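Curious how this folds, go ahead:
(2 chains)
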Protein chains: 2
Amino acid sequence: MDKPKIHLTDVTGRDGFQMEKEWIETEDKIHILNRIIGSGIKRIEATSFVSPKAIPQLKDAKEVVRELHRDHVEVMALVPNLKGAELALDSGVDVVNVVLSISETHNKKNVNKTVSESLENVTAIHHLVRDQYKKLNVSLGTTFGCPFEGLYHVEKVSTIISKLHSEGINQITLADTTGMANPTQISRFVETLTKQYPDIQFSLHLHNTRGMGLVNLYAGYHAGIRHFDAALGGIGGCPFAPGATGNVCLEDIVHMLDLMNIPNDPDMNKLIHTSKELERILGYKLSGQVMKAGLANEVVPV
Amino acid sequence: MDKPKIHLTDVTGRDGFQMEKEWIETEDKIHILNRIIGSGIKRIEATSFVSPKAIPQLKDAKEVVRELHRDHVEVMALVPNLKGAELALDSGVDVVNVVLSISETHNKKNVNKTVSESLENVTAIHHLVRDQYKKLNVSLGTTFGCPFEGLYHVEKVSTIISKLHSEGINQITLADTTGMANPTQISRFVETLTKQYPDIQFSLHLHNTRGMGLVNLYAGYHAGIRHFDAALGGIGGCPFAPGATGNVCLEDIVHMLDLMNIPNDPDMNKLIHTSKELERILGYKLSGQVMKAGLANEVVPV
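Numbers count the residues shown, from 1 in each chain, chains lettered A, B, ... in the order given. Next comes the predicted model:
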């Protein structure tokens, strides 16, 4: 029997670039993102429409979105508020991604709102997006734990999802914002939530902060998740864990899925090539493994 | 229901240290290995009794073994031949680990023998070890593929195991020598081999060369493996993949198992402390993730 397909969303432009302290030229961003699109991926979170004061690195959001090759890819952008959503829609994004943390503490630090205020925010954005016939995705930050608050019962997460569900929101990302999740927890959360909300399309946003990125993806897939975020070279990360790795690495995932005969869209060789380009642009060693080690099924001449 | 326990073998002293180009002082080796033993681990592959010309780094094998704290730990050493086995037994090791590659090419490069010659070698060592009432383990290098020859059918691996099995050898390590294995392959190999040889205690020796170390461990555990090798800080590696990570990281595994409530022996905090010591001794950043990011369940004060 054919294995179910995995749909990958590249978040290099958003969760990757936003962590970079050195300015990345707009044309370099566009070049890398268009290369990633050229690999055959079907959804890309290209940037974030946030205050340039909060994240100066993404102040070129509009130019970046404008220059993307749009033939076969859905362009998503993260927004923290209604103003961001308006800007994103004006710039022509296909999917608006609103972030909301399960953790009150993290939500306050991240978007300066209570969770309750953020939920009202989501409602307002949902109406705006719906009126323009675009898609909405809600990312639930710190689903698998918050560095300031610890772990949550799945019921706490489910309570928030039920509010979103009752409004007709049907795309939700469970985000392991700081890489705290473990495979047992992923399995339990996914099994519970997919059973409670069978009409919601859940995706997993995983970080490799403690080395568990790929094993969490594997556990999530076995529990029924078909949509995952990833970033080229594994860039991004958590400001609270210097030296730790960031997002799960896009090309390392594709490499593993190809070996496992799990269908997915991007061309791995194109991704590895682009990851090496990105490494030269950023000027430091990326945490991706396959770009260093080569493909597992590539035989070396003796 | 309680989850089945995982038994970890630390291979820092062997598969870790042997890859280090800079000489590590004997007293530093002994210090680190005794710290690892002090974490509560039950088996340690401390060194290799090989020609000092082949691996100068391990020329102090005898001194290292002599100085280990032996109260609760089995000390294992790798040997390439009968002479090595004699030296290992004279030095007082509990378990002799003979290596043999599935790959003719790799076996020739590694121990300068054909696979057939290596099998005769194993027989001779087995008799010697049995006569001294010690244990024998056979490590099957390149089980999951060889960089020079590609992948193998599980039947090829099984043919070699059947020869070992017919001689009464009951501890076998399936080694992913260069980090080529993927979870689907691990599951298939483990299910096939444990069914064919239910009286053999199989262990998995995994490398994280292409980022799949922990996911392969997870797949192996679910397929029935209870014994795994690992090295502190994830040291070791493959000379053919510069920059790639090495063995699966001992403390990152324990961190994950603890979060998953899978019983195991070592104390994680002691391991992380020792991994940081090892990093200072070796003088470069190790690839372990938890030593950089901190524990997933450690709440940071706001």
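
By mean pLDDT, which helix or strand of chain A comes out lowest?
helix A:104-111 (a mean of 90; mean pLDDT, DSSP states H and E).

Report the spatially closest residue to A:N208, excluding sequence-adjacent ones.
A:T245 (4.4 Å; C-beta to C-beta, 6 or more residues apart in numbering or on different chains). Using the backbone N, CA and C atoms, a C-beta is placed for each residue, glycine as well.

Can you report how many residues lie near that neighbour?
Residues within reach of A:T245, counting by other C-beta atoms under 10 Å in any protein chain shown, total 29.

follow-up on the earlier one: would you mind listing the buried residues in the least confident helix or strand of chain A?
Neighbour-count burial for helix A:104-111, with 16 or more other C-beta atoms under 10 Å in any protein chain shown as criterion, is recorded at A:E104, A:H106, A:N107, A:K108, A:N110, A:V111.

CA atoms only: put stretch A:83-98 into PDB for me.
Taking Å, rounded to 0.1, in the frame of the first residue of the first chain, the C-alpha atoms of stretch A:83-98 are listed here in PDB:
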ATOM      1  CA  LYS A  83      -3.000  45.600  10.700                       C
ATOM      2  CA  GLY A  84      -0.500  43.000   9.700                       C
ATOM      3  CA  ALA A  85      -3.300  40.900   8.100                       C
ATOM      4  CA  GLU A  86      -4.400  43.900   6.000                       C
ATOM      5  CA  LEU A  87      -0.800  44.500   4.800                       C
ATOM      6  CA  ALA A  88      -0.400  40.800   4.000                       C
ATOM      7  CA  LEU A  89      -3.600  40.700   2.000                       C
ATOM      8  CA  ASP A  90      -2.800  43.900   0.200                       C
ATOM      9  CA  SER A  91       0.600  42.400  -0.700                       C
ATOM     10  CA  GLY A  92      -1.200  39.400  -2.300                       C
ATOM     11  CA  VAL A  93      -0.500  36.500   0.100                       C
ATOM     12  CA  ASP A  94      -2.700  33.400  -0.300                       C
ATOM     13  CA  VAL A  95      -2.700  32.300   3.300                       C
ATOM     14  CA  VAL A  96      -2.600  34.500   6.500                       C
ATOM     15  CA  ASN A  97      -1.000  32.800   9.400                       C
ATOM     16  CA  VAL A  98      -2.000  34.300  12.800                       C
END
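
got the buried residues for it?
A:84-89, A:91, A:93-98.

Which of those residues fall within strands?
The strands, defined by DSSP state E, take in A:V95, A:V96, A:N97, A:V98 from those.

beta partners for the last one?
It stands for A:V98. A:V79, A:V138 (DSSP bridges).

Tell me how far it lies from A:F144.
A:V98 sits 19 Å away from A:F144, going by C-beta to C-beta, to the nearest Å.

Any residue of the least confident helix or strand of chain A touching chain B?
Yes. Residues of helix A:104-111 contacting chain B under C-beta under 8 Å from any C-beta of the partner chain: A:T105.

for the helix or strand hosting A:V64, packing partners?
Using DSSP states H and E, the element containing A:V64 is helix A:61-66. For helix A:61-66, the elements it packs on are helix A:26-38, strand A:43-48, strand A:74-79, helix A:82-90, judged by 3 or more C-beta pairs under 8 Å, 6 or more residues apart in numbering or on different chains; DSSP states H and E.

contacts for it?
The contact list for helix A:61-66 (C-beta atoms under 8 Å, 6 or more residues apart in numbering or on different chains) reads A:13, A:26, A:29-30, A:33, A:46-50, A:75, A:77, A:87-88, A:91-93.

so how far is it off the chain centroid?
Chain-centre distance of helix A:61-66: 18 Å, with C-alpha atoms, centre = their mean, to the nearest Å.
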